[in-house]
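*Asks:* can you look at this prediction? I've put the sequence above it.
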Amino acid sequence: MRQDSFERWFGVVYLSVPLSWAGSFIAARFVVAEIDPLRSVIWRFALSALVLLPFLVAFRRRQHPDLTRADYLRHLAVVVGLAGIGYHLLFFWALTRASPTNAALIIGLNPFFTAVAEVVILRRVRPRRFYVGFGLALAGAAAVILLRGGAIARPGLGELLCLLAALTWSTYAVAAGATRTEAWDPLWTNAYSYLLTALLLLPFAGIWRGQALGAGLTAKGWLGCVYMGVFPTAIGYTLFYVAVQRRGPGWASAFTCLVPPLTALLDHLFFAARLTPAMLGGTALVVLGLVVGTWTGRWPPSRRKEQPEP
């Protein structure tokens with residue numbers, strides 16, 4: 001009975017994942033207003049590792065990977081180098097200049113960039129609806145970025161950094177897929193990547209501005225760091241993993257379509273971002289494109305557990 005109740009309410013609980021991911025764009029904007037991107041990455045992942053590792057030691061000790069395997073260490077290097085350091089440095093740097101809404105719209109295109117890379121590199125065949133969805137989402141993002149002030153404007157450095165972040169994440173997704181083995185527990189891999197990212201960047205923390213690790217952080221900044229470390233990272237990624245295992249990757253990924261509109265709403269509430277017709281229409285196009293391009297043939301997504309993707 002308890003298991004049935006969990007399954008019945010799991011979809012409602014899982015709505016917290018796109019909400020927490022949308023909130024990470026808001027929290028990051030608060031944090032980078034007080035400290036540099038490098039220290040922002042360190043605090044996010046140090047706190048995430050602090051939350052996740054004790055949980056794994058207590059409940060998933062049997063799934064611990066063999067850290068002496070060269071192939072596992074190569075995979076971990078891909079995760080840390082591209083996702084932990086590369087993507088997140090660009091993510092925080094972008095949010096020093098781009099609005100949370102613009103960042104979410106551009107970075108939200110990374111599933112399409114990943115799929116295009118798979119088509120080009122791995123010669124995977126994609127259905128026609130994928131290309132239709134990609135075109136809609138790209139047009140929507142362009143509308144918001146180019147008409148952000150009500151008139152046509154060139155993309156700024158922040159938007160270009162967001163694009164680089166999305167491309168870096170897509171590169172990571174393809175590379176991690178090529179080096180990953182299904183037997184490795186992704187929660188342990190995530191936890192070790194969080195810890196290693198923080199430790200590898202730590203020696204450079206004082207070089208950026210010659211400041212101590214926590215110097216300049218107010219209560220608002222600390223709250224943003226804790227939020228990012230706990231909710232979208234330690235809890236959000238863990239729930240995403242559980243969803244992939246219980247309902248399949250298609251079901252779990254479908255909820256990411258909610259991230260851009262939720263970010264736009266939070267951007268309006270926290271930073272008084274203007275809800276212009278271009279922003280509303282462009283965001284709607286991005287969401288529609290994500291739905292069309294990633295649609296699995298069932299909508300709403302079936303509660304039946306899908307087979308995980310290879």
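*Replies:* Cool, got the structure. Residues are numbered from 1 along each chain as shown.

*Asks:* may I have the secondary structure class of Arg123?
*Replies:* Reduced to three states with DSSP: H, G, I helix; E, B strand; the rest coil, the structure at Arg123 is coil.

*Asks:* what about it, neighbour count?
*Replies:* 7 (other Cβ atoms under 10 Å). For glycine as for every other residue, the C-beta is placed from the backbone atoms N, C-alpha and C.

*Asks:* what sits against it?
*Replies:* Contacts for Arg123 were tallied using Cβ atoms under 8 Å, 6 or more residues apart in numbering; there are none.

*Asks:* from Val174, how far out is it?
*Replies:* Between Arg123 and Val174 the computed distance is 13 Å (Cβ to Cβ, to the nearest Å).

*Asks:* swap in Leu122?
*Replies:* Leu122 sits 8 Å away from Val174, going by Cβ to Cβ.

*Asks:* more crowded one of those two?
*Replies:* In terms of neighbours (other Cβ under 10 Å), Val174 is the more surrounded of Leu122 and Val174; the figures are 19 against 10.

*Asks:* backbone phi and psi for the more buried one, please?
*Replies:* phi -70, psi -50 (degrees, to the nearest 10).

*Asks:* my read: it touches Thr114, true?
*Replies:* Yes - because the distance of 6.4 Å satisfies Cβ atoms under 8 Å, Val174 is recorded as touching Thr114.

*Asks:* pLDDT score for Asn301?
*Replies:* Small correction: residue 301 is Pro, not Asn. Here, the pLDDT recorded for Pro301 equals 46.

*Asks:* sorry, that was for Ala137
*Replies:* In this model, Ala137 carries a pLDDT of 87.

*Asks:* likewise the one 3 residues further on?
*Replies:* At Gly140 the predicted local distance difference test score is 87.

*Asks:* now Trp208
*Replies:* Reading off the model, Trp208 has pLDDT 55.

*Asks:* how near is the residue nearest to Pro155 when sequence neighbours are not counted to Asp267?
*Replies:* In space, and not counting its chain neighbours, Pro155 is closest to Ile145: 5.4 Å by Cβ to Cβ, 6 or more residues apart in numbering. From Ile145 over to Asp267 the distance is 14 Å, taken as Cβ to Cβ.

*Asks:* quick one: low-confidence parts of the stretch 51-200 of the chain?
*Replies:* 148-153 (pLDDT under 70).

*Asks:* would you map the helices across it?
*Replies:* Secondary structure of the stretch 51-200 of the chain (DSSP state H, counting those that start in this stretch): helices at 70-78, 88-94, 100-107, 110-121, 128-146, 157-179, 186-201.
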